[in-house]
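>>> Dropping a prediction and its sequence here:
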2 protein chains.
Amino acid sequence: MTDALSPAIEAVVARAAAAAPAVAAVEPVVRARALVAVADALEADRDRLVGIAMRETGLTEARLNGEVARTAVQLRLFADTVAEGAHLDARIDPADDAFALGARPDIRRVHVPLGPVINFAASNFPFAFSVMGGDSAAIIAAGCPLIVKAHPGHPELSDATAEVAADALSAAGMPDGTFQLIHGREEGVAVLRDPRIAAGAFTGSIPAGRFLADIAASRPSPIPFFGELGSVNPVFVTAAAVAERADALAAGFLASVSGSAGQLCTKPGVVFIPEGSALPDAVRAAADGSAEHRLLNPGIARAFEERRDAALAVNGIRPVVDGALRFDSEGQGWALPTVLAIPLQAFRAARETLTEEVFGPFSILVEVPEDTDLAALVPEFFEGNLSGTVHLGAEEADGGTANAADLRALVEALARQVGRVLFDGWPTGVAVTPAQQHGGPWPATTNDSSTSVGTAAISRFLRPVAFQNAPAALLPLPLRDDNPLGVPQAVSPTGASQHWGSLARG
Amino acid sequence: MTDALSPAIEAVVARAAAAAPAVAAVEPVVRARALVAVADALEADRDRLVGIAMRETGLTEARLNGEVARTAVQLRLFADTVAEGAHLDARIDPADDAFALGARPDIRRVHVPLGPVINFAASNFPFAFSVMGGDSAAIIAAGCPLIVKAHPGHPELSDATAEVAADALSAAGMPDGTFQLIHGREEGVAVLRDPRIAAGAFTGSIPAGRFLADIAASRPSPIPFFGELGSVNPVFVTAAAVAERADALAAGFLASVSGSAGQLCTKPGVVFIPEGSALPDAVRAAADGSAEHRLLNPGIARAFEERRDAALAVNGIRPVVDGALRFDSEGQGWALPTVLAIPLQAFRAARETLTEEVFGPFSILVEVPEDTDLAALVPEFFEGNLSGTVHLGAEEADGGTANAADLRALVEALARQVGRVLFDGWPTGVAVTPAQQHGGPWPATTNDSSTSVGTAAISRFLRPVAFQNAPAALLPLPLRDDNPLGVPQAVSPTGASQHWGSLARG
């Protein structure tokens, strides 16, 4: 059973629940314009918001300005998604007397909003995965009332963003209760447990995500919970790639490890390199002059220190880039990037310590003997991951080298365990596009049926409903023959044109 | 942690896990032809299989012959789905230097199989939701190794079906380990707990479904679990509908309640009718000469007896069709349909007893005063349901009557809580088509993101993977520019043609 909510939280949940039918009924074009209005309002207020964010998170102005731009683009992309209507997956099976199992009725199917959703904001993207970040955009785009649980790392920014967004949504005609912000861990948990809440979204650590996912799954009425959690993001670099471009690889690697002080879920945490290659030296050289960066908060800094110290104590490991961590008088941690190297056998012996995510500017180069079966390393060392990366030589990419079958096996092994397989790049910087996939099997996510970045993310907050023999006047607009919203409709063939296995027979 | 498996079950799981890459790699056309081969083989052996099924389940020959036909069509529909390739949702975002956030890489996304899946077969559809039923067809179509846990209600039929299917799959070129059958509740649970298993499917009762869903969610690595559970399937009949066609409504209702001895998850369990209408009398008249049918097994018969007795004891309830239940010398239950009637206020007082599913030939007519807010009854009495039905008068269907807004509100209320909204029909008999939705919020299902009937069901056993800047030689075939499989590919616009909110701006 649910615990009694505090009066303030009860009011929030009641308001969201009461708003659900109205939010779902908002015309798509109005919902889309409301998302664009939020994007415009955030950009108009960027200087003030970024100033608060710098103070609360220690992230740089350039990074935060870029993040506001990304957040605005996300909102606009979801606006286009809503206006276009492909996410509704409208399907029409006309009545058919010649159906293989006897006459079939008219059946039409469309996606509808789930209802009120709580989104637990992340610490490391105070705009793009926070109050009006990608999950929030997807939830509102889907037509669900949104309750955001603010991350305690940037409370003032959360309030300021919420005010900007609420004003923009209201002025754009969205119903009262479309969006609300709450603070507090217990308050967030209480909302997630409430029977009026239809789904949860989350970006953060594996333990916190598991804690919330278990609550969602064990409710008297279980609900979907979309958590994007931790990841090590293994990288494989071939000897040919190192021979062709060691310096470029080293520079790209260091930028990916140290950008945003390594506090990105797609940071490359373990890189398999050829034994005896020039890459460690190139990385050491590239690290000269690295700047110190503040970590997001003292808790993250202390966890970073603990994990880094544990790695440094492993048998056979050696520093390539020494790195450093110091705490200032306010308890904030400041870090220089740390890169360690270790032979494969020693890595294997210390796998429990070294295959856990280290959140911060830290990575490990694992030196692999020449005849190692790279594909076998993937399931040996990793569970689900957000990404897996392969750096190839030019001829290897063309598929004509002697190791082509091994490389294909490696790619296939990665595709079985990660959400995104990259070639000749670095996994940080997740493009917001229709084909993006930011997910992966547990523990990369709590639910791998969709993505948390890219426009496909809207599907998480929708469910299908079919209408059988509905009179036109009672059909949802996307399913009507006259298609007043102009959405894509998939109409099934009837009668003699249906094939029932004929495609397969060939 | 997982318990140790028995050697036999360990061998089954190991074989499925080892087969996963090979099954995933089977060319779509080969996988499709294998499904057609299973359909052909089941139909070729129909007489023998139906004979076993009649003995084990008590269902009639006509019903079982129809079920084999349905099962074969399901398999062929999934074959066409696989051959066509739309379920892969192939998306291509070409590299774009003019992207709103700076140059973006080439990103391509496709759906890939989850890996080994266990499917817990149902009792009430010994073909269509059992060993080679819809879930099994969807799992193999998706490219996942399949382990079926047989239902104990028809063990001999399960073995016979499995033998036919395994031979057909093998002859069609599917890899060793594509399909295996196991028996035993504990064995099924042990497989579901095994870390090598990637998902579960189930059709059955709410308690059994919840038990298994909780196991899937609480594993060290949680997995998706698609259970299709119980449903009351509320029906609303307007005064105009009764006035126009009471006898036809009564006949259709009784056929839907008593077909397959009422042992269907879409049986209409509660029907709201106008107070004082002619429908109860018409139902009583239509029930004359109803035939007695055997229930599936003694356990179902005893549960039916208990629920029926509890309903009969409710204050204010009265029999419209008396019905009966007797046990034969082998302990099998034989039933005649029971229909009860009760005023809305008395139904409200006994809601806990009367809103639970009664599995068998049983239904309740709830007599509703004229000015009742029908839409409000839906959330008052029901959680998620597989279906909700509305019977309208001819003018009501045209939307021009004085109660048009009330009827629209009723339909919207149903759409918020059910998977399928029907008009002027009965919910039993779920057509297998692309637009079908057989699902609904908890407790209709454990996961309402997809369907358990219709070709959209394949998506439950797939997950998305993106490839970034992949060389053509290392891309999955559905994502290649030359599209050798001829699957639908959605290619995003680039450069100046992209709109970023312009659709929403209008």
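Thanks, I have the structure now.

>>> Quick check: bridge partners of the nearest residue to residue A:143 once chain neighbours are set aside?
Excluding the flanking residues, the one nearest residue A:143 by CB to CB, 6 or more residues apart in numbering or on different chains is residue A:113, at 3.6 Å. (C-beta placed from N, C-alpha, C; glycine too.) Beta bridges link residue A:113 to residue A:462 when assigned by DSSP bridges.

>>> Count the residues that sit near residue A:113.
Neighbourhood size, residue A:113 [other CB atoms under 10 Å in any protein chain shown]: 25.

>>> same thing with the one 3 residues further on?
A count of neighbours around residue A:116, defined by other CB under 10 Å, yields 28.

>>> Quick check: the gap between residue A:295 and residue A:60.
Distance, residue A:295 to residue A:60, by CB to CB, to the nearest Å: 13 Å.

>>> Show me which of the two is the more surrounded one.
residue A:295 (27 against 17).

>>> Residue of the stretch 201-350 of chain A closest to chain B, please.
Residue nearest to chain B within the stretch 201-350 of chain A: residue A:217 (3.7 Å; CB to the nearest CB).

>>> how close does that residue get to residue A:300?
Counting by CB to CB - residue A:217 and residue A:300 are separated by 27 Å.

>>> Remind me what the helix or strand hosting residue A:419 packs against, helices and strands.
If you go by DSSP states H and E, residue A:419 is part of strand A:418-423. In terms of contacts (3 or more CB pairs under 8 Å, 6 or more residues apart in numbering or on different chains; DSSP states H and E), strand A:418-423 is packed against strand A:385-391, helix A:404-417, strand B:462-468.

>>> Name the next helix or strand following the last one along the chain.
Same thing as strand B:462-468. Taking DSSP H and E, what comes next after strand B:462-468 is strand B:489-491.

>>> could you give the mean pLDDT of that following strand?
On average, the pLDDT along strand B:489-491 is 95.

>>> From the chain's centroid, how far away is that strand?
30 Å (CA atoms, centre = their mean, to the nearest Å).

>>> which SS class is residue A:187?
Per DSSP: H, G, I helix; E, B strand; the rest coil, the local secondary structure of residue A:187 is helix.

>>> What is the burial count for it?
Residue A:187: 18 neighbours (other CB under 10 Å).

>>> what sits against residue A:228?
Residues counted as contacts of residue A:228 (CB atoms under 8 Å, 6 or more residues apart in numbering or on different chains) are A:202-203, A:209, A:265, A:386, A:438-439, A:444-445, A:452.

>>> how far does stretch A:401-415 sit from the chain's center?
26 Å.

>>> go on, stretch A:440-456?
6 Å.

>>> That stretch near chain B at all?
Yes: interface with chain B: stretch A:440-456 contributes A:441-443, A:446-451, A:456 (CB under 8 Å from any CB of the partner chain).

>>> Now restrict those to buried residues only.
In those, burial by neighbour count holds for A:441-443, A:446-451, A:456, counting by 16 or more other CB atoms under 10 Å in any protein chain shown.

>>> Correct me if wrong: residue A:369 contacts residue A:273.
No: using CB atoms under 8 Å as the test, residue A:369 is too far from residue A:273 to be in contact (11.3 Å).

>>> which of these two has more neighbours?
residue A:273 (26 against 11).

>>> I'd assumed the more buried one was in a strand, is it?
Yes: applying three-state DSSP, one finds residue A:273 inside a strand.

>>> Would you mind measuring from it to residue A:316?
From residue A:273 to residue A:316 the distance is 15 Å (CB to CB).

>>> that older thread, confirm that the residue of the stretch 201-350 of chain A closest to chain B lies within a helix, as I assumed.
Yes: counting by three-state DSSP, residue A:217 is part of a helix.

>>> With just CA atoms, put the lengthiest helix in chain A into PDB.
The residue-count maximum for a helix in chain A (DSSP state H) belongs to helix A:61-84. What follows is helix A:61-84, C-alpha atoms only, in PDB (Å, rounded to 0.1, in the frame of the first residue of the first chain):
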ATOM      1  CA  GLU A  61      30.500  28.500 -19.300                       C
ATOM      2  CA  ALA A  62      31.300  27.100 -22.700                       C
ATOM      3  CA  ARG A  63      30.100  23.700 -21.800                       C
ATOM      4  CA  LEU A  64      26.900  25.100 -20.200                       C
ATOM      5  CA  ASN A  65      26.100  27.400 -23.100                       C
ATOM      6  CA  GLY A  66      26.500  24.400 -25.400                       C
ATOM      7  CA  GLU A  67      24.200  22.500 -23.100                       C
ATOM      8  CA  VAL A  68      21.500  25.100 -23.300                       C
ATOM      9  CA  ALA A  69      21.700  25.000 -27.100                       C
ATOM     10  CA  ARG A  70      21.400  21.300 -27.000                       C
ATOM     11  CA  THR A  71      18.400  21.400 -24.700                       C
ATOM     12  CA  ALA A  72      16.600  23.900 -26.900                       C
ATOM     13  CA  VAL A  73      17.300  21.700 -30.000                       C
ATOM     14  CA  GLN A  74      16.000  18.700 -28.100                       C
ATOM     15  CA  LEU A  75      12.700  20.500 -27.300                       C
ATOM     16  CA  ARG A  76      12.400  21.700 -31.000                       C
ATOM     17  CA  LEU A  77      13.100  18.200 -32.300                       C
ATOM     18  CA  PHE A  78      10.300  16.800 -30.100                       C
ATOM     19  CA  ALA A  79       8.000  19.600 -31.300                       C
ATOM     20  CA  ASP A  80       8.600  18.400 -34.900                       C
ATOM     21  CA  THR A  81       8.100  14.800 -33.800                       C
ATOM     22  CA  VAL A  82       4.700  15.700 -32.300                       C
ATOM     23  CA  ALA A  83       3.600  17.800 -35.200                       C
ATOM     24  CA  GLU A  84       4.600  15.100 -37.700                       C
END
